[in-house]
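Participant: What follows is a protein structure lacking sequence information:
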């Protein structure tokens, strides 16, 4: 019996015959489509868990994110704004609220005394660690990988971020 002309074509044939100008690269390649979906699901799940962990410490996600950044190193508000991708005026208000709660303090930058650095207090560092300590999903998933897999994942994610920055 002859094969029907309406039989589905193999995916590789679609990739070869697709018009490169009009083809959507995400939907033309099922692996890419799956990866985009998986990354979206991963980010959504991490964000939801991060929101819950921050709330458990009495923080908004923005406050928790800023405390996490500052627990690594004090920084000027302009740099915080760049790191969290928001306006410096929003960061000023956020730092004001964290300072009122005793979680952050402003101090002069030793390299340029005209600049003020935001720095976490001991309580701010404790709260940032509390948020991080409650992020079990990502930590558990990453911990289940071998050392080689974690290294490969780190390299691939870093490459994706660099490539994404180049096209932005």
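Facilitator: Cool, the structure landed. Predicted model, so just to flag it, every value in this text is computed and none were measured.
Participant: all strands of the protein, in order?
Facilitator: Using DSSP state E, the strands of the chain run over 75-76, 104-109, 112-120.
Participant: Looking at those strands, spot the one closest to residue 158.
Facilitator: strand 75-76 (21.3 Å; Cβ to Cβ). For every residue, glycine as well, the C-beta is placed using N, CA and C.
Participant: Which elements pack onto the closest one?
Facilitator: Applying 3 or more Cβ pairs under 8 Å, 6 or more residues apart in numbering; DSSP states H and E, one finds that strand 75-76 contacts strand 112-120.
Participant: Check which strands are paired with the strand it packs on and give the direction for each one.
Facilitator: strand 75-76 (antiparallel), strand 104-109 (antiparallel) (DSSP bridges).
Participant: outside of the shortest one, which residues touch it?
Facilitator: By Cβ atoms under 8 Å, 6 or more residues apart in numbering, the list of residues contacting strand 75-76 from outside reads 69, 83, 109, 115-118.
Participant: cool, stretch 94-108 as well?
Facilitator: 62-63, 66-67, 70, 74, 77, 80, 115-121, 123-124, 127.
Participant: tell me which residues in that stretch are buried?
Facilitator: Counting neighbours by 16 or more other Cβ atoms under 10 Å, one finds that the buried residues in stretch 94-108 are 94-95, 98, 103-105.
Participant: Between the two ends of that stretch, how far is it?
Facilitator: Distance across stretch 94-108, first residue to last, is 19 Å (Cα to Cα, to the nearest Å).
Participant: now that stretch: mean pLDDT?
Facilitator: Taken as a whole, stretch 94-108 has a mean pLDDT of 96.
Participant: Kindly report the same for stretch 41-56.
Facilitator: 93.
Participant: what residue is smack in the middle of the chain?
Facilitator: Closest to where the C-alpha atoms of the chain average out (Cα atoms, centre = their mean) is residue 43, at 7.4 Å.
Participant: circling back: just the buried residues of the contacts of stretch 94-108.
Facilitator: Using 16+ other Cβ under 10 Å, the buried ones in the contacts of stretch 94-108 are 62-63, 66-67, 70, 74, 77, 80, 116-121, 124, 127.
Participant: hey, where'd the helices end up in this structure?
Facilitator: 11-17, 25-28, 30-56, 61-72, 77-84, 88-100, 122-133, 136-143, 147-167 (DSSP state H).
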